[in-house]
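Novice: 3D model of this:
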Amino acid sequence: MSWKESDRVSERREFVELVSNEGANFAALCRRFEVSRKTGYKWLGRFRDGGVEALADQSRRPLKSPGRTPDEVEEQVLRVRDEHPTWCGRKIRARLQLLGHEDVPAASTVTAILHRHGRITQQASEERQHFTRFERPEPNDLWQIDFKGEFRMTNQAYCYPLTVLDDHSRYVVGLEACGRQTHDTVKDRLRAIFRRYGLPRAMYTDNGVPWGSMNSPGGHTRLTAWLMRLDVRVIHGRPYHPQGRGKDERFHRTLKQECLQQRRTDDLSDAQQQFDPFRAMYNHERPHEALDLNVPASRYQVSPRSFAESLPEYAYSSRFETRRTNAVGQFRFGGRVFKTSEAFQNDTIGLAPTNEPDVFEVYYRRFPIGLIDFNDPRSRISTRNRAD
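Specialist: Residues are numbered from 1 along each chain as shown. As a prediction, the model looks like this:
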């Protein structure tokens with residue numbers, strides 16, 4: 001989108017600080033912010049020469065090009081990876097340092113190099129993750145999404161703040177003033193966030209509307225099915241355990257204390273005008289104790305996984321039997337009729353045998369969503385265990 005007239009400096013500041021992070025993809029960020037490379041270099045040059053104040057509409061300054069990882073460093077990274085195919089970015093970085101190489105990039109940059117050269121597939125990266133980890137090792141490994149408690153505005157309508165937080169950096173990629181807590185509202189806001197910041201590998205939610213349903217296998221809804229089609233893993237927290245979303249809950253307290261308390265909010269537009277500068281301050285100015293008093297922007301990079309406006313038909317591998325669901329999510333398998341969630345209506349699911357006789361795992365795309373046990377006389381899909 002074009003720069004907002006009322007918030008040009010904030011937009012430009014976010015761009016230049018993200019593009020200044022180690023391993024940032026300059027061309028991708030220009031596309032996400034919908035500016036030309038020439039304009040991107042202009043704002044980067046101004047920022048480096050004169051700081052935030054130079055981003056306002058004023059005299060032009062010389063351009064400066066951002067650095068990139070030298071080719072010889074990438075070759076060193078790939079050489080170690082080829083020698084040790086299971087090593088992650090942190091191990092490769094430590095090995096290069098031990099070998100005496102100079103200017104060894106950060107582990108996140110090493111991981112980005114491995115992804116860029118096809119040494120790590122997305123599926124392998126997902127399988128390596130342990131979702132009980134207190135903090136994800138890389139930006140965009142996991143985002144937490146939730147609604148903060150609603151509040152009444154002076155027009156007597158309610159505002160439902162939608163918050164989207166990166167687990168690794170605490171960077172707030174979304175703080176949206178919403179009038180409803182519905183599928184369409186959240187999907188519309190997430191589209192805009194995904195276009196700007198790319199896709200996370202996983203999204204952590206609670207079990208409430210619109211991303212949770214206690215009445216369907218796996219708790220899936222139309223919103224989570226859409227995320228899965230985008231190749232985003234959805235993790236539902238354990239019911240009644242909000243501590244699993246601790247970082248988002250902590251941000252909600254900060255939002256209340258530093259933005260919402262003792263402030264008058266007239267309507268949704270007014271609420272958003274208050275949210276935007278607060279989000280900029282939180283990401284770029286406010287020291288975070290959990291980050292050694294660094295700001296979230298110092299640890300965040302936009303995701304290399306771009307949002308796709310349209311998706312091709314998904315193809316299951318040969319190990320799956322596939323079935324087409326009907327309008328209520330039912331399908332026939334092994335002489336019985338089973339029901340998934342209506343979230344998967346008129347779509348294709350995959351069924352894979354397990355090591356247990358007569359037990360099959362039910363998949364939607366590459367994500368397991370439940371189990372079928374033909375030893376159970378009830379024709380049902382059992383719910384998989386949810387994350388803590």
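Novice: what about residue 25, how many neighbours?
Specialist: 20 (other Cβ atoms under 10 Å). From N, CA and C alone the C-beta is placed, and that goes for glycine too.
Novice: do the same with the one 3 residues further on
Specialist: When neighbours are counted by other Cβ under 10 Å, residue 28 registers 16.
Novice: Restrict the helix or strand containing it to CA atoms and write it as PDB.
Specialist: For residue 28, the host element (DSSP states H and E) is helix 26-33. Extracted as PDB, the C-alpha positions of helix 26-33 are listed here (Å, rounded to 0.1, in the frame of the first residue of the first chain):
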ATOM      1  CA  PHE A  26      15.700  -5.900   0.500                       C
ATOM      2  CA  ALA A  27      13.800  -6.700  -2.700                       C
ATOM      3  CA  ALA A  28      11.100  -8.700  -0.800                       C
ATOM      4  CA  LEU A  29      10.600  -5.900   1.700                       C
ATOM      5  CA  CYS A  30      10.100  -3.400  -1.100                       C
ATOM      6  CA  ARG A  31       7.400  -5.600  -2.600                       C
ATOM      7  CA  ARG A  32       5.800  -6.100   0.900                       C
ATOM      8  CA  PHE A  33       5.700  -2.300   1.400                       C
END
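Novice: just the angle between the helix or strand just after it and helix 26-33, please?
Specialist: Using DSSP H and E, the helix or strand that follows helix 26-33 in sequence is helix 37-50. If you take axes from the mean of the first three to the mean of the last three Cα atoms, to 10 degrees, helix 37-50 sits at 100 degrees to helix 26-33.
Novice: What average pLDDT does the helix or strand following helix 37-50 get?
Specialist: Toward the C-terminus, helix 37-50 is succeeded by helix 71-83 as the next helix or strand (DSSP H and E). Regarding helix 71-83, the rounded mean pLDDT is 83.
Novice: Could you list every helix and strand in contact with helix 71-83?
Specialist: helix 89-98, helix 107-116 (3 or more Cβ pairs under 8 Å, 6 or more residues apart in numbering; DSSP states H and E).
Novice: Pick the most buried one from those.
Specialist: Each of the helices and strands packed on helix 71-83 was scored by mean neighbour count; the highest is helix 107-116, a mean of 21, by mean count of other Cβ atoms under 10 Å.
Novice: and it, C-alpha only, in PDB?
Specialist: C-alpha atoms of helix 107-116 as PDB (Å, rounded to 0.1, in the frame of the first residue of the first chain):
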ATOM      1  CA  ALA A 107      22.500 -18.300  12.900                       C
ATOM      2  CA  SER A 108      19.300 -16.800  11.400                       C
ATOM      3  CA  THR A 109      21.200 -15.800   8.300                       C
ATOM      4  CA  VAL A 110      22.900 -19.200   8.100                       C
ATOM      5  CA  THR A 111      19.400 -20.800   8.200                       C
ATOM      6  CA  ALA A 112      18.100 -18.400   5.600                       C
ATOM      7  CA  ILE A 113      21.000 -19.400   3.300                       C
ATOM      8  CA  LEU A 114      20.100 -23.100   3.800                       C
ATOM      9  CA  HIS A 115      16.500 -22.400   2.900                       C
ATOM     10  CA  ARG A 116      17.500 -20.300  -0.100                       C
END
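Novice: Return the set of buried residues in stretch 347-362.
Specialist: Within stretch 347-362, the residues scored as buried using 16 or more other Cβ atoms under 10 Å are 347-351, 360-362.
Novice: for stretch 43-50, same thing?
Specialist: Quick answer for stretch 43-50 (16+ other Cβ under 10 Å): 43-48.
Novice: Kindly report the same for stretch 261-268.
Specialist: Neighbour-count burial for stretch 261-268 flags 265, 268 (criterion: 16+ other Cβ under 10 Å).
Novice: if you average pLDDT over it, what comes out?
Specialist: The average pLDDT within stretch 261-268 is 88.
Novice: just the CA coordinates of that stretch, formatted as CSV?
Specialist: Output in CSV follows, covering the C-alpha atoms of stretch 261-268 (Å, rounded to 0.1, in the frame of the first residue of the first chain):
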residue,chain,number,x,y,z
GLN,A,261,-6.1,3.3,30.2
GLN,A,262,-7.6,6.7,30.8
ARG,A,263,-8.0,7.4,27.1
ARG,A,264,-11.1,8.3,25.2
THR,A,265,-11.8,6.3,22.1
ASP,A,266,-14.6,7.6,19.9
ASP,A,267,-14.9,4.9,17.3
LEU,A,268,-12.9,2.1,15.4
